[in-house]
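Student: quick one: sequence and predicted model below, then my questions.
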Amino acid sequence: MAKYVLRRILWLPFLLIAVSSVTFALGTYGPGDPVQVMMGAKYDPVVAARLREALGLDRPIIVQYTEYMWNAVRGDFGESLVYRGRSVSSLLVSKMWVSFQVNVAAMVVSLSIGLPVGFWIAHKQGTWLDPATITLSLLLMSVPIMVSIPLVLWGLCLKLHWVPCSGWGGILDARIIVPAITMGIPGVAGLARLMRASTLDVMGQDFVRTAHSKGIHPMNVGYRHILRNALIPIVTVLSFSLAGMLTTGFITERLLGIPGVGDFAIKSIFSRDYPVIMAFTLILSTAFVLANLLADITYSFIDPRIRLT
Amino acid sequence: MMKLINERTYPSFVLVLIWSVLVGSLFVACGDNEPTTVNIEVKQETPTPESSMAVPTDAQKTKDTKSGPVTLADVATPVSKTSSAEVSEDPSSPPGGVFNRLWSDPPTLDPHLTSDTTSAGVVVEIFGGLVSFDTSLNLVPDLAESWEISSDALTYTFKIRDGAVFHDGKPVTAQDFKWSLDRAVNPDTASPVAETYLGDIVGVSDVLEGNSTSISGVKAIDNKTIQITIDEPKAYFLQKLTYPTAFVVDRHNVESGGRSWTDSPNGTGPFKMVDYKIGERLILERHDQYHLEPAKLDKIQMNLAGGSSMAMYENDEIDLTGISLFDLERIKDPQDPLNSDLVVANPSFSISYIGFNTQQPPFDDAKFRQALNHAVDKKLIAEEVLAGLVVPAYGILPPGFPGHSEDIEGLRHDVVLAKKLLSESRYADSSTRPRIVITIPGTGGTPNLDLEVIINMWEQNLAVEVEIQQVEWATYLADLDRERFQAFAGLGWEADYPDPQDFLDILFHTESDNNNGAYSNSVVDRLLEEARVETDVVKRMNLYKKAEEMIVNDAPWVPLWFAGERHVLIKPYVKGYEITPMIVPKMRHVYIEE
């Protein structure tokens, strides 16, 4: 187990070098460059050459790459080429923190609806409620956010004036409600189905039958025996999605005015803001590797039949 | 200044490149302040609040182009510091209030790096320079009290206002200006626009090339007098000084603040920045010691997080919004509750067009290009497709712009003539004609409706088939610069200073880097070169008119649209807000009426 974890962690630097060098090369050798975007239509080759020199973009790519990586290892991701004078870390950290909070809020919604619903319909197996609930949640999941967000805004914000339309004020601000609902509801279907399956699985286990036969009140069996055990796979699944919690989609962000990392990343790519793209790639790759590792470890704890070797 | 029409701007300043992204409909609602309404004008992300350049008044045209000794004592002398301090307590001018608006993160707050409208809109309120434009776009003194221009029109001597202070109370001196201008052009500053706005000053190129750290043509004569010498008598020089590149910064502030000195900028503008959280908010407060009449507002709160502009306006979260084409229909209805908030403003100065690469077949034949021009019914498209929100363009210079002439006939809709020209061209035979591809920038996949209609008209009227290819913005710019496109659309130009040079010379001179269609006409070149240094206004405008006529007839473009009127919603309690076609300091005139 310890060996497995160690090996996975030792692999991380190689993975990061592979990912970052491909990203760097694609950015540099691909068409377009940051100075061109900065100058736009008023492009003057002499001025552009001067800017490239001042920004260090005229040096050989291997020098640029090595310098970038060396600084990155020490936690310095450089300075944005678009937001001049701003360090990439400060930009990315603040935006990822926003995305993370939005995802947490959305997850609270998904969990608080998905789990009870899944648990409940597991007990209604065989009745019309079971397929009806799953169908409804699948329908809700299938509504694209381009449709659901305007609908929610129109209803809750413009017609009923219950919530602010958009903007950002942190996870404790009322403006979190719309993103939490619109991003959380689609997650309900998956969680409900997972919870239903997991609950049914546990309900069929011997210890549940034993508990029932001992005459324990059904409420107690449900809560103490079934629910607790049914939650275990959910935890694992959630740990897989940890890395994804650092980002939010740019469409949601733009429609709702959330200063998250998605829109920022897209814009950085379009404006060839290399330091930002690189940092984004490195941070996310690391996060995914670590989150998957964490998921593997949790899994092996929960289910001793799984051995990490 | 360059502008992306549906996309957020990362533009350079002098001229605007407009592109329409197809995702437009998605983003219409996202974050505009005063956007125009048609898809070719709906800016996608950045609250590029207004477009860039000026509708100059007649008075300005003559004033700005006057050479020889001029003292602008007659220009509305602004109130002095002491009396203006009293103004804010004057009950007749109701002070106070908080103005809420949507904005987006300014790429920079460093005036010397500013090259886009999102930054400029904030920078001009925090900082200032020697001269400025007022809300009617007249050139007015700012930190300079007055100036004199030598008889050879090369040397400008500015007297700095006595009461002018930075936000921390420190007086503004000529040495501050000298240091600021030296910094603006220093290669280490890496300003993308230093050359554009200050390049006329003697000695700037030495500093830019790293041969010197001090501009030889800028001298601090004494504490309050600064002298600037330019290389040739240029009528538009003072107007260039209104741009943030020429603004004064506080040396101590810059040097002690390091790379992030703009987190606590010490400017000279009517507002000081008190709070800035990236992606969330930027808050400005009144600077009470402002050297002109201080602002009336207590505070400007800029919401940087974006969102559905119209929804936020309707929910009273912001005081100002642009209107999308879809919303405009309903708001124009007098029954609509928002109808009374509707404000219609003068158009900005821009033109959109289709460009041809005049060196590549089939566009190397002027007759072929002319035929395509005559085959398009712009009037019909403007009215039917674009809801009358744009003005068909037959010339290059927009209406109201200096040098604009109603006499320019242009290549009007005339299908018979178009067919005749096509048959006379080298590409009359469709079987041997090269495949034609128009490239547009964007990432969405659907071209603008107007372009589709135009292509349809070519096909119907001339049986000329044209394909559309779409490439992503940075790639588009790179290929545009390399003159790789046979034809290109989705572009527009918008001037930053009201001078025909800013359109005609920059876009059509053979040597210009922005002549993306490789258009070359030696007669036009000569006219443009003569006009650069002609000091007689009338003669100069005539030179430009001749050049414009020749260009239009050579048809390197299909000029499409001049911007139409802009529609904006402003809350009725907001007073004194002027919608200007360019970024000018104007928030100090605004107040909230309870």
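Tutor: It's in.
Student: got a list of what the residue in the stretch 351-500 of chain B that chain A sits nearest to touches?
Tutor: Closest residue of the stretch 351-500 of chain B to chain A, CB to the nearest CB: B:Ala474 (2.8 Å). Placement of C-beta: from N, CA and C, glycine included. By CB atoms under 8 Å, 6 or more residues apart in numbering or on different chains, the contact set of B:Ala474 is A:Pro31, A:Gly32, A:Asp33, A:Gln36, A:Val37, A:Phe270, A:Ser271, A:Arg272.
Student: leaving out chain neighbours, which residue sits closest to the residue in the stretch 51-200 of chain B that chain A sits nearest to?
Tutor: Of all residues in the stretch 51-200 of chain B, B:Ala190 sits closest to chain A, at 3.8 Å by CB to the nearest CB. Leaving aside its sequence neighbours, B:Ala190 sits nearest to A:Ala54 (CB to CB, 6 or more residues apart in numbering or on different chains; 3.8 Å).
Student: quick check: the residue of the stretch 51-200 of chain A nearest chain B.
Tutor: A:Ser166 (2.7 Å).
Student: where's that residue, which helix or strand?
Tutor: Secondary structure from DSSP states H and E places A:Ser166 outside every helix and strand.
Student: chain B contacts on the stretch 201-309 of chain A?
Tutor: A:251, A:253-259, A:263-264, A:267, A:270-272 (CB under 8 Å from any CB of the partner chain).
Student: kindly recompute the last result at 6 Å.
Tutor: Selection of the stretch 201-309 of chain A residues close to chain B by CB under 6 Å from any CB of the partner chain yields A:Arg254, A:Leu256, A:Gly257, A:Pro259, A:Phe270, A:Ser271, A:Arg272.
Student: which two among those are spaced furthest apart?
Tutor: Across these, the longest distance by CB to CB is 26.9 Å; it joins A:Leu256 and A:Arg272.
Student: from the structure, what's the count of residues near A:Phe270?
Tutor: Neighbours of A:Phe270 under the rule other CB atoms under 10 Å in any protein chain shown: 20.
Student: got a list of what it touches?
Tutor: The contact partners of A:Phe270, taken as CB atoms under 6 Å, 6 or more residues apart in numbering or on different chains, are B:Trp473.
Student: any idea how far it is from A:Pro34?
Tutor: Using CB to CB, to the nearest Å, A:Phe270 is found at 11 Å from A:Pro34.
Student: A:Ile171 and A:Asn103 touch, don't they?
Tutor: No - when contacts are counted by CB atoms under 6 Å, A:Ile171 is not listed as touching A:Asn103 (10.0 Å).
Student: higher neighbour count, these two?
Tutor: Neighbours were tallied for A:Ile171 and for A:Asn103 using other CB under 10 Å; the higher tally belongs to A:Asn103 (25 against 17).
Student: wait, the more buried one sits on A:Thr247?
Tutor: No - using CB under 6 Å, A:Asn103 is not in contact with A:Thr247; the gap is 8.2 Å.
Student: quick one: the closest residue in space to B:Pro392 that isn't next to it in sequence and B:Ile551, what's the gap?
Tutor: What sits nearest to B:Pro392 in space, not counting adjacent residues and going by CB to CB, 6+ apart, is B:Lys378, at 3.7 Å. From B:Lys378 across to B:Ile551, the span is 17 Å (CB to CB).
Student: cool, and B:Ser205?
Tutor: 29 Å.
Student: so where do the strands sit in chain A?
Tutor: Counting by DSSP state E, chain A forms no strands at all.
Student: sketch out the low-pLDDT regions of it for me.
Tutor: A:41-42, A:302-309 (pLDDT under 70).
Student: just chain B next, same as before
Tutor: Using pLDDT under 70, the flagged stretches of chain B are B:1-95, B:444-447.
Student: which strands and helices sit next to the longest helix seen in it?
Tutor: In chain B, assigned by DSSP state H, the helix with the most residues is helix B:537-554. If you count contacts as 3 or more CB pairs under 6 Å, 6 or more residues apart in numbering or on different chains; DSSP states H and E, helix B:537-554 packs onto helix B:504-508, helix B:522-533.
Student: next, the buried residues of it.
Tutor: Neighbour-count burial for helix B:537-554 flags B:537, B:540-549, B:551-552, B:554 (criterion: 16 or more other CB atoms under 10 Å in any protein chain shown).
Student: run the chain-centre distance for it.
Tutor: Helix B:537-554 has its C-alpha centroid displaced from the chain centroid by 22 Å (CA atoms, centre = their mean, to the nearest Å).
Student: what sits up against that helix?
Tutor: B:65, B:366, B:395-396, B:403, B:405, B:408, B:410, B:500, B:504, B:508, B:521, B:524, B:527-528, B:530-531, B:534.
Student: for stretch A:219-232, same thing?
Tutor: A:Ser198, A:Thr199, A:Val202, A:Met203, A:Val208, A:Ala211, A:His212, A:Ile302.
Student: identify the farthest-apart pair in those residues.
Tutor: A:His212 and A:Ile302, at 24.2 Å, using CB to CB across the contacts of stretch A:219-232.
Student: returning to that earlier point: is it true that the residue nearest to B:Pro392 touches B:Val391?
Tutor: No - B:Lys378 is beyond contact range of B:Val391, at 9.3 Å (criterion: CB under 6 Å).
Student: what parts of the stretch 51-200 of chain A come near chain B?
Tutor: A:51, A:54, A:82-85, A:94, A:153, A:157-158, A:165-168.
Student: check contacts around the residue nearest to B:Ala474 when sequence neighbours are not counted.
Tutor: With sequence-adjacent residues excluded and distances taken as CB to CB, 6+ apart, B:Ala474 is closest to A:Gly32, at 2.8 Å. When contacts are counted by CB under 6 Å, 6+ apart, A:Gly32 touches A:Arg272, B:Ala474, B:Thr475, B:Ala478.
Student: so which of those is the most crowded?
Tutor: A:Arg272 (28 neighbours).
Student: hang on, it packs against A:Pro34?
Tutor: Yes - counting by CB under 6 Å, A:Arg272 does reach A:Pro34; the two are 4.2 Å apart.
Student: end-to-end on stretch B:161-173?
Tutor: With CA to CA, to the nearest Å as the measure, stretch B:161-173 spans 9 Å from end to end.
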